[in-house]
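K.L.:
Quick one: sequence and predicted model below, then my questions.
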Amino acid sequence: MYIFKAGVIGAGTMGGEIAQVITYSGMPVVMKDIDQKMLDTGMDKIRSIYQRRVDKAKMSASDMQSKLDLVTATLTYDGFEDVDIVIEAVPEVMSVKKRVLQELEGVCPEATIFASNTSALSISEMAAATKKPHKIVGMHFFNPAHVMKLVEIIPGLDTSQETVDDVVMFTESLRKLPVVVQECPGFLVNRLLMPYLNEATMCLEEGAASASEIDEAMVKWGWPMGPFTLMDMLGLDVCVHVGDYLTEEYGERMESALLLPKLVERGRLGEKSAAGFYGYGDQSDEPTLALIDEIKVQKGIADSKFSPERLIYPLINEATLCVQEHIASVNDIDMAMIAGAGMTYSGERMGPLAVADMIGLEEVLEGLKALAATYGPRFRPSRLLKLKARAGHLGKKAGKGFYEYTQ
Ligand code: 3HC
(Lines give C-alpha, C1' and ligand atoms only; values in the text may rest on other atoms or scores of the structure.)
Protein backbone atom coordinates (compact mmCIF):
# COMPACT_ATOMS: atom_id res chain seq x y z
CA MET A 1 0.00 0.00 0.00
CA TYR A 2 1.41 3.41 -0.89
CA ILE A 3 1.05 6.13 1.73
CA PHE A 4 -0.03 9.52 0.32
CA LYS A 5 -1.38 11.31 3.40
CA ALA A 6 -0.69 10.95 7.11
CA GLY A 7 -2.33 11.96 10.37
CA VAL A 8 -0.71 12.73 13.71
CA ILE A 9 -2.67 12.67 16.97
CA GLY A 10 -1.20 14.65 19.85
CA ALA A 11 0.50 17.90 18.94
CA GLY A 12 3.04 18.28 21.73
CA THR A 13 6.72 18.63 20.98
CA MET A 14 7.00 15.02 19.77
CA GLY A 15 3.80 15.22 17.66
CA GLY A 16 5.06 18.48 16.10
CA GLU A 17 8.47 16.99 15.34
CA ILE A 18 6.89 13.90 13.73
CA ALA A 19 4.58 16.10 11.63
CA GLN A 20 7.63 18.14 10.53
CA VAL A 21 9.48 14.96 9.50
CA ILE A 22 6.47 13.90 7.39
CA THR A 23 6.10 17.27 5.64
CA TYR A 24 9.85 17.42 5.01
CA SER A 25 9.38 14.35 2.79
CA GLY A 26 6.69 16.28 0.88
CA MET A 27 3.64 14.49 2.30
CA PRO A 28 0.55 16.29 3.60
CA VAL A 29 -0.25 15.76 7.28
CA VAL A 30 -3.25 16.51 9.42
CA MET A 31 -2.32 17.09 13.06
CA LYS A 32 -4.98 16.85 15.75
CA ASP A 33 -5.07 17.68 19.43
CA ILE A 34 -7.88 18.30 21.92
CA ASP A 35 -6.18 21.42 23.26
CA GLN A 36 -5.59 24.57 21.18
CA LYS A 37 -2.48 25.38 23.27
CA MET A 38 -0.91 22.02 22.39
CA LEU A 39 -1.82 22.52 18.75
CA ASP A 40 -0.03 25.89 18.87
CA THR A 41 3.01 24.22 20.53
CA GLY A 42 3.12 21.63 17.73
CA MET A 43 2.83 24.29 14.99
CA ASP A 44 5.51 26.43 16.70
CA LYS A 45 7.80 23.39 16.82
CA ILE A 46 7.33 22.68 13.10
CA ARG A 47 7.85 26.34 12.20
CA SER A 48 10.97 26.67 14.38
CA ILE A 49 12.63 23.57 12.85
CA TYR A 50 12.05 24.96 9.33
CA GLN A 51 13.05 28.48 10.40
CA ARG A 52 16.44 27.16 11.62
CA ARG A 53 16.97 25.60 8.20
CA VAL A 54 16.15 28.93 6.55
CA ASP A 55 18.47 30.78 8.95
CA LYS A 56 21.26 28.35 8.10
CA ALA A 57 20.57 28.97 4.37
CA LYS A 58 19.67 25.29 3.92
CA MET A 59 16.18 26.19 2.68
CA SER A 60 14.48 29.19 1.07
CA ALA A 61 11.65 31.04 2.81
CA SER A 62 9.26 30.05 0.00
CA ASP A 63 10.19 26.36 0.36
CA MET A 64 9.55 26.70 4.08
CA GLN A 65 6.12 28.13 3.34
CA SER A 66 5.25 25.31 0.95
CA LYS A 67 6.24 22.75 3.62
CA LEU A 68 4.13 24.56 6.23
CA ASP A 69 1.20 24.56 3.78
CA LEU A 70 1.28 20.75 3.95
CA VAL A 71 0.15 20.84 7.62
CA THR A 72 -3.49 21.09 8.65
CA ALA A 73 -3.85 21.65 12.40
CA THR A 74 -7.24 20.70 13.82
CA LEU A 75 -9.19 20.11 17.02
CA THR A 76 -11.58 17.69 15.24
CA TYR A 77 -11.25 14.56 13.12
CA ASP A 78 -11.94 16.56 9.92
CA GLY A 79 -9.33 15.55 7.36
CA PHE A 80 -8.86 12.03 8.75
CA GLU A 81 -11.39 10.50 6.32
CA ASP A 82 -8.69 9.91 3.65
CA VAL A 83 -5.46 9.33 5.60
CA ASP A 84 -3.40 6.19 4.85
CA ILE A 85 -1.57 6.16 8.18
CA VAL A 86 -2.08 7.80 11.57
CA ILE A 87 0.71 8.10 14.15
CA GLU A 88 -0.51 8.68 17.67
CA ALA A 89 1.71 10.61 20.09
CA VAL A 90 -0.82 11.13 22.91
CA PRO A 91 0.09 10.78 26.63
CA GLU A 92 1.54 7.42 27.69
CA VAL A 93 -1.64 6.11 29.30
CA MET A 94 -2.94 2.82 27.90
CA SER A 95 -6.63 3.75 28.31
CA VAL A 96 -6.08 7.05 26.43
CA LYS A 97 -4.23 5.27 23.61
CA LYS A 98 -7.03 2.68 23.31
CA ARG A 99 -9.72 5.37 23.25
CA VAL A 100 -7.92 7.32 20.50
CA LEU A 101 -7.54 4.17 18.35
CA GLN A 102 -11.24 3.39 18.77
CA GLU A 103 -12.20 6.96 17.81
CA LEU A 104 -9.96 6.71 14.75
CA GLU A 105 -11.68 3.50 13.68
CA GLY A 106 -14.90 5.47 13.45
CA VAL A 107 -13.50 8.08 11.05
CA CYS A 108 -10.63 6.57 9.01
CA PRO A 109 -10.92 4.17 6.07
CA GLU A 110 -10.71 0.44 6.82
CA ALA A 111 -7.25 0.22 5.19
CA THR A 112 -5.65 2.98 7.31
CA ILE A 113 -2.64 1.86 9.36
CA PHE A 114 -2.61 3.01 13.00
CA ALA A 115 0.89 3.45 14.40
CA SER A 116 1.74 4.25 18.00
CA ASN A 117 4.76 6.30 19.01
CA THR A 118 4.64 4.83 22.51
CA SER A 119 8.01 4.67 24.32
CA ALA A 120 7.34 1.33 25.96
CA LEU A 121 3.67 0.29 26.20
CA SER A 122 2.36 -2.92 24.62
CA ILE A 123 1.35 -2.67 20.96
CA SER A 124 -0.51 -6.02 21.19
CA GLU A 125 -2.62 -4.72 24.10
CA MET A 126 -3.52 -1.54 22.17
CA ALA A 127 -4.33 -3.61 19.07
CA ALA A 128 -6.64 -5.89 21.05
CA ALA A 129 -8.88 -2.88 21.77
CA THR A 130 -9.53 -2.37 18.03
CA LYS A 131 -11.38 -4.28 15.33
CA LYS A 132 -8.29 -4.44 13.08
CA PRO A 133 -5.28 -5.59 15.13
CA HIS A 134 -3.48 -6.56 11.88
CA LYS A 135 -3.26 -2.83 11.02
CA ILE A 136 -1.78 -1.71 14.37
CA VAL A 137 1.98 -1.28 14.74
CA GLY A 138 4.53 0.56 16.87
CA MET A 139 6.47 3.34 15.20
CA HIS A 140 8.84 4.74 17.81
CA PHE A 141 10.72 7.98 17.02
CA PHE A 142 13.69 9.27 19.01
CA ASN A 143 14.27 12.63 20.54
CA PRO A 144 14.85 15.10 18.85
CA ALA A 145 12.74 13.34 16.19
CA HIS A 146 13.75 15.66 13.36
CA VAL A 147 17.42 14.83 13.99
CA MET A 148 17.68 11.20 15.16
CA LYS A 149 17.65 8.77 12.23
CA LEU A 150 16.17 5.72 13.93
CA VAL A 151 12.53 4.63 13.93
CA GLU A 152 11.79 1.37 15.75
CA ILE A 153 9.02 -0.60 14.01
CA ILE A 154 7.26 -2.90 16.48
CA PRO A 155 4.75 -5.47 15.23
CA GLY A 156 2.25 -6.68 17.84
CA LEU A 157 1.19 -10.33 18.02
CA ASP A 158 -1.51 -9.79 15.37
CA THR A 159 0.16 -7.21 13.10
CA SER A 160 0.26 -8.43 9.49
CA GLN A 161 3.51 -8.67 7.54
CA GLU A 162 1.94 -6.35 4.95
CA THR A 163 1.49 -3.64 7.60
CA VAL A 164 5.11 -4.04 8.73
CA ASP A 165 6.37 -3.85 5.12
CA ASP A 166 4.24 -0.74 4.44
CA VAL A 167 5.51 1.02 7.55
CA VAL A 168 9.14 0.10 6.80
CA MET A 169 8.73 1.61 3.32
CA PHE A 170 6.98 4.69 4.71
CA THR A 171 9.81 5.17 7.27
CA GLU A 172 12.42 4.97 4.50
CA SER A 173 10.45 7.55 2.50
CA LEU A 174 10.86 9.88 5.52
CA ARG A 175 14.65 9.41 5.14
CA LYS A 176 14.78 7.56 8.46
CA LEU A 177 16.29 4.20 9.33
CA PRO A 178 13.68 1.55 10.22
CA VAL A 179 14.68 -1.27 12.56
CA VAL A 180 12.07 -3.97 13.18
CA VAL A 181 11.99 -4.95 16.85
CA GLN A 182 10.01 -7.82 18.38
CA GLU A 183 7.65 -6.60 21.06
CA CYS A 184 9.05 -6.44 24.59
CA PRO A 185 8.74 -3.79 27.32
CA GLY A 186 10.82 -0.75 26.32
CA PHE A 187 11.36 -2.26 22.86
CA LEU A 188 15.06 -2.02 22.04
CA VAL A 189 16.68 1.37 22.61
CA ASN A 190 14.78 2.35 25.77
CA ARG A 191 15.30 -1.14 27.18
CA LEU A 192 19.08 -0.73 26.73
CA LEU A 193 19.30 2.95 27.58
CA MET A 194 17.28 2.90 30.81
CA PRO A 195 19.64 0.62 32.83
CA TYR A 196 22.49 2.92 31.74
CA LEU A 197 20.63 6.12 32.70
CA ASN A 198 19.41 4.52 35.93
CA GLU A 199 22.92 3.47 36.92
CA ALA A 200 24.18 7.01 36.30
CA THR A 201 21.47 8.20 38.70
CA MET A 202 22.45 5.52 41.27
CA CYS A 203 26.06 6.79 41.15
CA LEU A 204 24.84 10.38 41.60
CA GLU A 205 22.49 9.69 44.52
CA GLU A 206 25.11 7.56 46.29
CA GLY A 207 27.56 10.45 46.11
CA ALA A 208 30.02 8.58 43.86
CA ALA A 209 30.43 11.61 41.54
CA SER A 210 28.61 14.80 40.55
CA ALA A 211 26.24 15.06 37.57
CA SER A 212 28.72 17.12 35.58
CA GLU A 213 31.62 14.74 36.38
CA ILE A 214 29.55 11.77 35.18
CA ASP A 215 28.31 13.66 32.09
CA GLU A 216 31.84 14.71 31.15
CA ALA A 217 33.20 11.19 31.62
CA MET A 218 30.50 9.65 29.44
CA VAL A 219 30.97 12.23 26.67
CA LYS A 220 34.68 11.42 26.80
CA TRP A 221 33.74 7.74 26.59
CA GLY A 222 31.91 8.44 23.30
CA TRP A 223 28.30 9.55 23.86
CA PRO A 224 27.05 12.74 22.16
CA MET A 225 25.69 13.98 25.49
CA GLY A 226 26.04 12.83 29.09
CA PRO A 227 23.24 10.86 30.81
CA PHE A 228 21.93 13.77 32.91
CA THR A 229 21.91 16.21 30.00
CA LEU A 230 20.06 13.55 28.01
CA MET A 231 17.47 12.88 30.73
CA ASP A 232 16.90 16.63 31.16
CA MET A 233 16.30 16.81 27.39
CA LEU A 234 13.94 13.79 27.33
CA GLY A 235 11.92 15.00 30.34
CA LEU A 236 12.36 13.44 33.78
CA ASP A 237 8.63 12.59 33.91
CA VAL A 238 9.06 10.57 30.70
CA CYS A 239 12.11 8.79 32.19
CA VAL A 240 10.21 7.94 35.39
CA HIS A 241 7.28 6.63 33.39
CA VAL A 242 9.44 4.37 31.20
CA GLY A 243 11.63 3.35 34.17
CA ASP A 244 8.63 2.37 36.35
CA TYR A 245 7.18 0.30 33.53
CA LEU A 246 10.47 -1.53 32.98
CA THR A 247 10.83 -2.20 36.74
CA GLU A 248 7.31 -3.62 36.80
CA GLU A 249 7.98 -5.84 33.76
CA TYR A 250 11.59 -6.98 34.33
CA GLY A 251 11.85 -6.87 38.13
CA GLU A 252 15.12 -6.47 40.07
CA ARG A 253 17.30 -6.06 36.95
CA MET A 254 15.66 -2.68 36.39
CA GLU A 255 15.54 -1.60 40.05
CA SER A 256 14.99 2.18 39.92
CA ALA A 257 17.10 4.92 41.46
CA LEU A 258 15.28 7.05 44.07
CA LEU A 259 16.26 10.53 42.89
CA LEU A 260 14.35 10.71 39.62
CA PRO A 261 10.76 10.48 41.00
CA LYS A 262 11.69 12.90 43.78
CA LEU A 263 12.84 15.49 41.23
CA VAL A 264 9.59 15.01 39.30
CA GLU A 265 7.53 15.42 42.52
CA ARG A 266 9.20 18.81 42.97
CA GLY A 267 8.31 19.86 39.43
CA ARG A 268 11.87 19.49 38.13
CA LEU A 269 11.02 17.89 34.78
CA GLY A 270 14.17 18.82 32.89
CA GLU A 271 14.76 21.44 30.19
CA LYS A 272 11.03 21.96 29.62
CA SER A 273 10.56 23.25 33.20
CA ALA A 274 13.99 24.97 33.24
CA ALA A 275 15.00 22.66 36.10
CA GLY A 276 15.91 18.99 36.27
CA PHE A 277 19.23 17.48 37.32
CA TYR A 278 20.62 20.85 36.34
CA GLY A 279 19.15 24.33 36.63
CA TYR A 280 18.56 26.34 33.45
CA GLY A 281 18.22 30.11 33.06
CA ASP A 282 17.72 31.59 36.53
CA GLN A 283 17.11 28.16 38.12
CA SER A 284 19.94 26.51 40.09
CA ASP A 285 20.77 22.86 40.82
CA GLU A 286 20.72 23.47 44.62
CA PRO A 287 17.43 21.56 45.18
CA THR A 288 18.89 18.55 43.30
CA LEU A 289 22.01 18.64 45.49
CA ALA A 290 19.88 18.82 48.66
CA LEU A 291 17.89 15.76 47.54
CA ILE A 292 21.12 13.87 46.80
CA ASP A 293 22.33 14.60 50.36
CA GLU A 294 19.07 13.18 51.76
CA ILE A 295 19.17 10.00 49.66
CA LYS A 296 22.88 9.44 50.31
CA VAL A 297 22.17 9.24 54.05
CA GLN A 298 19.06 7.09 53.50
CA LYS A 299 20.90 4.55 51.29
CA GLY A 300 24.06 4.60 53.40
CA ILE A 301 26.36 3.17 50.72
CA ALA A 302 29.71 4.53 51.85
CA ASP A 303 32.00 3.17 49.17
CA SER A 304 29.93 3.69 46.01
CA LYS A 305 32.24 4.35 43.06
CA PHE A 306 31.52 5.74 39.63
CA SER A 307 33.20 4.31 36.55
CA PRO A 308 32.05 4.42 32.90
CA GLU A 309 31.97 0.57 33.00
CA ARG A 310 29.40 0.65 35.82
CA LEU A 311 27.04 2.41 33.37
CA ILE A 312 28.03 0.66 30.13
CA TYR A 313 28.14 -2.98 31.28
CA PRO A 314 24.43 -3.16 32.22
CA LEU A 315 23.61 -1.71 28.78
CA ILE A 316 25.77 -4.36 27.10
CA ASN A 317 24.25 -7.07 29.30
CA GLU A 318 20.73 -5.97 28.29
CA ALA A 319 21.80 -6.03 24.61
CA THR A 320 22.96 -9.65 25.04
CA LEU A 321 19.59 -10.48 26.62
CA CYS A 322 17.89 -9.00 23.54
CA VAL A 323 20.01 -11.28 21.31
CA GLN A 324 19.15 -14.22 23.56
CA GLU A 325 15.41 -13.41 23.28
CA HIS A 326 15.57 -12.77 19.49
CA ILE A 327 14.27 -9.21 19.95
CA ALA A 328 16.45 -8.09 17.02
CA SER A 329 19.59 -9.22 15.20
CA VAL A 330 23.08 -8.36 16.48
CA ASN A 331 23.51 -5.91 13.60
CA ASP A 332 20.14 -4.25 14.16
CA ILE A 333 20.75 -3.87 17.89
CA ASP A 334 24.03 -2.08 17.24
CA MET A 335 22.59 -0.01 14.41
CA ALA A 336 19.65 1.07 16.58
CA MET A 337 21.92 2.35 19.36
CA ILE A 338 24.04 4.24 16.83
CA ALA A 339 21.09 5.80 14.94
CA GLY A 340 18.81 6.23 17.97
CA ALA A 341 21.23 7.43 20.64
CA GLY A 342 24.43 8.38 18.78
CA MET A 343 26.59 5.71 20.45
CA THR A 344 30.29 5.68 19.51
CA TYR A 345 33.42 4.01 20.89
CA SER A 346 37.07 4.89 20.27
CA GLY A 347 35.97 7.57 17.81
CA GLU A 348 33.90 5.17 15.68
CA ARG A 349 30.15 4.69 15.43
CA MET A 350 29.70 1.45 17.33
CA GLY A 351 26.84 -0.28 19.12
CA PRO A 352 27.02 -2.20 22.42
CA LEU A 353 27.70 -5.68 21.01
CA ALA A 354 30.59 -4.47 18.85
CA VAL A 355 31.88 -2.58 21.90
CA ALA A 356 31.70 -5.81 23.96
CA ASP A 357 33.74 -7.55 21.27
CA MET A 358 36.36 -4.77 21.42
CA ILE A 359 36.61 -4.81 25.22
CA GLY A 360 36.60 -8.62 25.35
CA LEU A 361 33.63 -10.66 26.53
CA GLU A 362 35.46 -12.22 29.47
CA GLU A 363 36.35 -8.74 30.74
CA VAL A 364 32.71 -7.61 30.48
CA LEU A 365 31.59 -10.82 32.22
CA GLU A 366 34.09 -10.46 35.07
CA GLY A 367 33.20 -6.76 35.36
CA LEU A 368 29.50 -7.59 35.70
CA LYS A 369 30.21 -10.27 38.31
CA ALA A 370 32.28 -7.83 40.37
CA LEU A 371 29.58 -5.15 40.10
CA ALA A 372 26.91 -7.70 41.12
CA ALA A 373 28.96 -8.63 44.19
CA THR A 374 29.21 -4.97 45.23
CA TYR A 375 25.90 -3.45 44.13
CA GLY A 376 23.47 -6.34 43.78
CA PRO A 377 21.70 -8.63 41.32
CA ARG A 378 20.80 -5.98 38.74
CA PHE A 379 24.27 -6.66 37.29
CA ARG A 380 23.77 -10.44 36.97
CA PRO A 381 25.30 -11.45 33.60
CA SER A 382 23.13 -13.00 30.90
CA ARG A 383 23.22 -16.70 30.05
CA LEU A 384 24.41 -15.86 26.52
CA LEU A 385 27.36 -13.80 27.76
CA LYS A 386 28.47 -16.66 30.03
CA LEU A 387 27.99 -19.18 27.23
CA LYS A 388 30.06 -17.16 24.77
CA ALA A 389 32.84 -16.70 27.31
CA ARG A 390 32.90 -20.47 28.06
CA ALA A 391 33.00 -21.27 24.33
CA GLY A 392 35.97 -18.95 23.83
CA HIS A 393 33.97 -16.50 21.70
CA LEU A 394 35.72 -13.69 23.48
CA GLY A 395 35.45 -10.93 20.90
CA LYS A 396 37.78 -9.34 18.39
CA LYS A 397 41.04 -10.71 19.80
CA ALA A 398 39.64 -14.29 19.59
CA GLY A 399 38.41 -13.74 16.01
CA LYS A 400 34.85 -14.40 17.16
CA GLY A 401 32.41 -12.82 19.57
CA PHE A 402 29.09 -11.30 18.56
CA TYR A 403 30.73 -10.75 15.16
CA GLU A 404 33.36 -12.75 13.28
CA TYR A 405 36.75 -11.14 12.58
CA THR A 406 39.42 -12.06 10.09
CA GLN A 407 42.83 -11.72 11.77
N1 3HC B 1 16.55 19.54 22.64
C2 3HC B 1 15.99 19.54 21.41
N3 3HC B 1 16.70 19.64 20.27
C4 3HC B 1 18.04 19.72 20.38
C5 3HC B 1 18.70 19.71 21.62
C6 3HC B 1 17.91 19.63 22.79
N7 3HC B 1 18.44 19.64 23.99
N8 3HC B 1 20.04 19.83 21.40
C9 3HC B 1 20.20 19.92 20.09
N10 3HC B 1 19.01 19.84 19.47
C11 3HC B 1 18.76 19.93 18.04
C12 3HC B 1 19.26 21.28 17.56
O13 3HC B 1 18.27 22.26 17.70
C14 3HC B 1 19.60 21.00 16.13
O15 3HC B 1 18.42 21.12 15.35
P16 3HC B 1 18.45 21.83 13.90
O17 3HC B 1 19.21 20.87 13.01
O18 3HC B 1 17.00 21.97 13.55
O19 3HC B 1 19.15 23.12 14.07
C20 3HC B 1 20.01 19.53 16.11
O21 3HC B 1 19.54 18.97 17.35
C22 3HC B 1 21.48 19.35 16.01
O23 3HC B 1 22.01 20.11 17.06
P24 3HC B 1 23.51 20.55 17.10
O25 3HC B 1 23.93 21.06 15.76
O26 3HC B 1 23.72 21.42 18.29
O27 3HC B 1 24.21 19.14 17.19
P28 3HC B 1 24.84 18.36 18.33
O29 3HC B 1 26.06 17.83 17.70
O30 3HC B 1 24.96 19.10 19.60
O31 3HC B 1 23.80 17.15 18.51
C32 3HC B 1 22.00 15.91 19.38
C33 3HC B 1 22.62 17.30 19.26
C34 3HC B 1 21.62 15.41 18.00
C35 3HC B 1 20.80 16.01 20.27
C36 3HC B 1 23.11 14.94 19.97
O37 3HC B 1 23.59 15.48 21.18
C38 3HC B 1 22.59 13.54 20.22
O39 3HC B 1 22.57 12.71 19.34
N40 3HC B 1 22.21 13.28 21.49
C41 3HC B 1 21.66 11.95 21.86
C42 3HC B 1 20.17 12.02 21.77
C43 3HC B 1 19.53 10.71 22.12
O44 3HC B 1 20.11 9.81 22.69
N45 3HC B 1 18.24 10.59 21.75
C46 3HC B 1 17.47 9.37 22.04
C47 3HC B 1 16.95 9.37 23.41
S48 3HC B 1 15.86 8.04 23.77
C49 3HC B 1 14.35 8.52 23.16
O50 3HC B 1 14.18 9.57 22.59
C51 3HC B 1 13.24 7.54 23.34
C52 3HC B 1 12.09 8.11 24.06
O53 3HC B 1 11.03 7.16 24.00
C54 3HC B 1 12.34 8.40 25.54
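P.N.:
Cool, the structure landed.

K.L.:
Touching, Leu259 and Leu291? I think so.
P.N.:
Yes: with contact defined as Cβ atoms under 8 Å, Leu259 reaches Leu291; the gap is 6.1 Å. Placement of C-beta: from N, CA and C, glycine included.

K.L.:
Could you name every residue contacting both of these two?
P.N.:
Counting by Cβ atoms under 8 Å, 6 or more residues apart in numbering, the residues touching both Leu259 and Leu291 are Glu205.

K.L.:
For the helix or strand Asn331 falls within, name the packing helices and strands.
P.N.:
Using DSSP states H and E, Asn331 sits within helix 330-341. Counting contacts by 3 or more Cβ pairs under 8 Å, 6 or more residues apart in numbering; DSSP states H and E, helix 330-341 is packed against strand 150-155, strand 177-180, helix 189-205, helix 308-324, helix 352-359.

K.L.:
Residues of this structure that sit close to the ligand?
P.N.:
Proximity of the chain to the ligand (Cβ under 6 Å from any ligand atom) is limited to residues 49, 52, 119, 142-144, 147-148, 189-190, 193, 224-225, 230, 233-234, 238, 271, 340-342.

K.L.:
Just the ones in strands from the residues you listed, please.
P.N.:
With strands defined by DSSP state E, no entry of those lies inside them.

K.L.:
Which residue ranges of the stretch 51-200 of the chain form strands?
P.N.:
71-74, 85-88, 113-116, 136-141, 150-155, 177-180 (DSSP state E, counting those that start in this stretch).

K.L.:
if you compare the ones you listed, which one is most tucked away?
P.N.:
strand 113-116 (a mean of 27; mean count of other Cβ atoms under 10 Å).

K.L.:
quick check: domain ranges of this protein?
P.N.:
6-180, 189-299, 308-398 (automatic domain parsing).

K.L.:
Could you tell me the end-to-end distance of the shortest one?
P.N.:
In this case it means domain 308-398. 24 Å (Cα to Cα, to the nearest Å).

K.L.:
now swap in the first one and tell me
P.N.:
Using Cα to Cα, the gap from the first to the last residue of domain 6-180 comes to 21 Å.

K.L.:
Look through the stretch 151-300 of the chain and state the residue closest to the ligand.
P.N.:
The ligand sits closest to Pro224 of the stretch 151-300 of the chain, with a gap of 3.6 Å, by Cβ to the nearest ligand atom.

K.L.:
from memory that residue sits against Ile338, does it?
P.N.:
No: applying Cβ under 8 Å, one finds Pro224 not in contact with Ile338, separated by 10.7 Å.

K.L.:
shared neighbours of those two, anything?
P.N.:
By Cβ under 8 Å, 6+ apart, the residues touching both Pro224 and Ile338 are Thr344.

K.L.:
out of these two, which sits in the more crowded spot?
P.N.:
The neighbour count for Pro224 versus Ile338, taken as other Cβ atoms under 10 Å, is higher for Ile338 (20 against 12).

K.L.:
Give me the spatial nearest neighbour of that one, chain neighbours excluded.
P.N.:
Leaving aside its sequence neighbours, Ile338 sits nearest to Arg349 (Cβ to Cβ, 6 or more residues apart in numbering; 4.7 Å).

K.L.:
For that neighbour, name its beta-bridge partners.
P.N.:
Beta-bridge partners recorded for Arg349 (DSSP bridges): Thr344.

K.L.:
right, and it touches Met343 too?
P.N.:
Yes: proximity of Arg349 to Met343 meets the contact threshold set by Cβ under 8 Å, at 7.4 Å.

K.L.:
Give me the more crowded residue out of these two.
P.N.:
Met343 (26 against 15).

K.L.:
what's near enough to touch the residue lying closest to the more buried one once chain neighbours are set aside?
P.N.:
Distances taken as Cβ to Cβ, 6+ apart put Met337 closest to Met343, at 4.4 Å, once the chain neighbours are dropped. Listed by Cβ under 8 Å, 6+ apart, the contact set of Met337 reads 189, 192, 319, 343, 351-352.

K.L.:
okay, Met337: pLDDT?
P.N.:
Met337 carries a pLDDT score of 98 in this model.

K.L.:
For it, give its distance to Leu315.
P.N.:
Distance, Met337 to Leu315, using Cβ to Cβ, to the nearest Å: 8 Å.

K.L.:
any residues in contact with both of those two?
P.N.:
By Cβ under 8 Å, 6+ apart, the residues touching both Met337 and Leu315 are 192, 352.

K.L.:
Please enumerate the helices of the stretch 51-200 of the chain.
P.N.:
61-68, 94-107, 123-128, 161-173, 189-205 (DSSP state H, counting those that start in this stretch).

K.L.:
winner for burial among those helices?
P.N.:
helix 189-205 (a mean of 25).

K.L.:
Give the phi and psi angles for the closest residue to the residue of the stretch 151-300 of the chain closest to the ligand other than its chain neighbours, as a check.
P.N.:
Leaving aside its chain neighbours, Pro224 sits nearest to Gly342 (3.9 Å; criterion: Cβ to Cβ, 6+ apart). Main-chain dihedrals, Gly342, degrees, to the nearest 10: phi 70, psi 30.
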